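1. Prediction below, plus the sequence it came from.
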Amino acid sequence: MQTHKWLVFLPQTPTTPSSLRVSVWRRMQQLGALALQNGVWILPHGNALERALHLLLVDLKNQGGGGLLFTAQTAQTELENEIIGRFRLEREQDYAEFLERCTQFLSELQKETGKEKFTFAELEENEEDLHKLTKWLRKIYHRDFFGGPQRDSATTALAHCRSALETYAEQVYQRQEYAPPERLSEDEELQ
């Protein structure tokens with residue numbers, strides 16, 4: 001088995017304000033970090049992640065905190081497997097929530113279609129929702145360091161949402177007697 005190189009981050013925040021601890025927690029979540037235990041975070045080693053952690057250290061120091069950043073390797077294969085398993089589990093939870101939202105999006109389109117509510121306002125609202133889903137999936141992709149099994153399902157679900165919205169948009173434009181605008185390709189939207 002390949003041994004990974006890890007970034008281990010130990011932030012130190014002053015007791016007040018607590019908003020600094022919350023800010024660190026949020027930033028670590030955005031990066032896709034795994035909380036090993038209280039105050040100990042781990043990420044797979046990568047230049048972009050290392051830079052992000054260095055920037056976070058600078059921010060912490062500017063606000064009266066600090067921290068330590070190490071690169072490390074595990075000494076046991078079992079520990080390595082456990083860490084990777086925990087990363088995958090967290091991403092699976094992200095993908096599951098994303099898939100649930102895609103289902104809600106499709107249900108909303110079906111409901112509006114059933115009511116024959118083919119308005120530009122409704123189309124715009126649904127386009128915004130699809131844009132949010134696209135951005136969200138892009139963020140999950142960036143945090144999915146070990147290729148979760150639901151990645152393909154999430155990609156397919158987003159494609160279904162996009163297709164359903166295009167069908168809905170065609171109906172809106174047909175009812176309003178306008179020509180539909182050019183659409184971005186799926187690859188263009190995910191970049």
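-> Done, it's in. Residues are numbered from 1 along each chain as shown.
2. Going by C-alpha atoms from here, please, whenever you check contacts or count neighbours.
-> Will do.
3. Okay, domains of the protein per the record?
-> Taking automatic domain parsing as the domain assignment, the ranges for the chain are 6-73, 87-190.
4. Now the last one: average pLDDT?
-> Per-residue pLDDT over domain 87-190 has a mean of 91.
5. for the chain, which helix is longest?
-> For the chain, the helix that runs over the most residues, judged by DSSP state H, is helix 77-114.
6. does residue 173 count as helix, strand or coil?
-> Local secondary structure at residue 173 is given as helix here, using DSSP: H, G, I helix; E, B strand; the rest coil.
7. What is the burial count for it?
-> The burial metric for residue 173, expressed as a neighbour count using other C-alpha atoms under 10 Å, is 17.
8. same deal with residue 23?
-> As a burial measure, the neighbour count of residue 23 was computed by other C-alpha under 10 Å and equals 13.
9. circling back: helices and strands around the longest helix of the chain, which ones?
-> Contacting helix 77-114 under the criterion 3 or more C-alpha pairs under 8 Å, 6 or more residues apart in numbering; DSSP states H and E are the following elements: helix 120-143, helix 151-176.
10. rerun at 7 Å
-> If you count contacts as 3 or more C-alpha pairs under 7 Å, 6 or more residues apart in numbering; DSSP states H and E, helix 77-114 packs onto helix 151-176.
11. got the buried residues for the helix it packs on?
-> For helix 151-176, the neighbour count (16 or more other C-alpha atoms under 10 Å) marks 151, 154-155, 157-158, 161-162, 164-166, 168-173 as buried.
12. And the furthest pair within those residues?
-> The largest separation in those, counting by C-alpha to C-alpha, is between 151 and 173 at 32.9 Å.
13. Fine by me, thanks again.
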